[in-house]
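**Q** one predicted model, sequence on top.
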Amino acid sequence: MNREVLGIFFLFVALFGAALLFSTGLQSPILSLTNSIKSSYHNTTASIDKSYDEHFAQQDTIIELREKLKLYEESHLLLHQVATELNALFVENNSSFKVKPKVELVRTISYIKFGDINKVWIDTPAFDTSKVYGLVHKENVAGIVVMKEGRAMALLNGALKSSYAVYVGENKAPGIVHGLNTRELIVEFIPTWIKIKEGDEVLTSGLDHLFFPGLKVGKIVSIEQSQGYQNAIIKPYYNASNPDYFHLIKSIR
């Protein structure tokens, strides 16, 4: 029985092959189907090749633009300092200064502890471990850098110990800013006789030699009185939710 079935099968295959060889009517739909499959295959592979080439071309372009952006941000930061110094020079009219700032691009390695977004390890060459350095993201102050366990640790704005000198508002009321919570900072020790108001901008004063004068920190959202001083709660410009690259200010002059 099996031999008979096998014989019928081979006979059918032989008849089908002969019909396919000599019958154009049967060849046409078969060839059409195979050609369609081949066409789809080549279109798919061509599309993949094109996407592959475009991906790497875009990747090269992205890398190039990122490098240019890094150079732009560093140059912009340096120009900001020069402009501030020149404005002060014009006001004073008899000032003399020597501009030799040192700014270095640094990269975030990782969070120090999960759940605390305001403390990160950064990758930077060796520096003076006894000093504190300013950290900037674009034109906005991001925090400070200190040494911990032989490594460079960034205390971003939200960290309680991230503090530096600032001016508040148009009257340049002096104060010290540090982290308050994950969303806000506080400027303390603002003299009560200097008027400040909600919406005033907070800028670095440069008096602590950590930052250039005039870098942006944030805006006042509320004011409170405290033991002969006034404190300002501010919303910072820098958002610490996605730390990546920063500029480390190694010296301001």
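**A** That came through, no problem.
**Q** nearest spatial neighbour of Ile249, chain-adjacent residues omitted?
**A** The spatially closest residue to Ile249, leaving aside those adjacent along the chain, is Gly134, at 4.1 Å (CB to CB, 6 or more residues apart in numbering). C-beta here means a position set from N, CA and C on the backbone, and glycine is covered the same way.
**Q** from Val217, how far off is the one you found?
**A** The gap separating Gly134 from Val217 is 11 Å, by CB to CB, to the nearest Å.
**Q** intersection of neighbour lists for these two?
**A** Contact criterion CB atoms under 8 Å, 6 or more residues apart in numbering; residues bridging Gly134 and Val217 by contacting each: 141, 204.
**Q** picking that back up, phi first, then psi, for the residue nearest to Ile249.
**A** Backbone dihedrals for Gly134, given as degrees, to the nearest 10, come out at phi -80, psi 150.
**Q** which ones are touching it?
**A** Contact analysis of Gly134 by CB under 8 Å, 6+ apart lists 141, 144-145, 164, 204, 210-211, 248-249.
**Q** what's the answer for Val168, then?
**A** For Val168, the contact set (CB under 8 Å, 6+ apart) comprises 174-175, 187, 190, 196, 200, 202, 220, 232.
**Q** quickly list what it is bridged to.
**A** In this structure, Val168 has beta-bridge partners Ala173, Val202, where bridges are defined by DSSP bridges.
**Q** looking at the contacts of Val168, which is nearest Tyr238?
**A** Sorting those by distance to Tyr238 puts Val202 at the head of the list, at 11.9 Å, by CB to CB.
**Q** quick check: that closest one touching Lys235?
**A** No - using CB atoms under 8 Å, Val202 and Lys235 do not qualify as a contacting pair, with a distance of 9.6 Å.
**Q** so for the two, which sits in the more crowded spot?
**A** Comparing Val202 with Lys235 by other CB atoms under 10 Å, the one with more neighbours is Val202, at 26 against 14.
**Q** where's the more buried one relative to Gln230, distance?
**A** Separation of Val202 from Gln230 (CB to CB): 13 Å.
**Q** and what of Val177?
**A** Counting by CB to CB, the gap between Val177 and Gln230 amounts to 13 Å.
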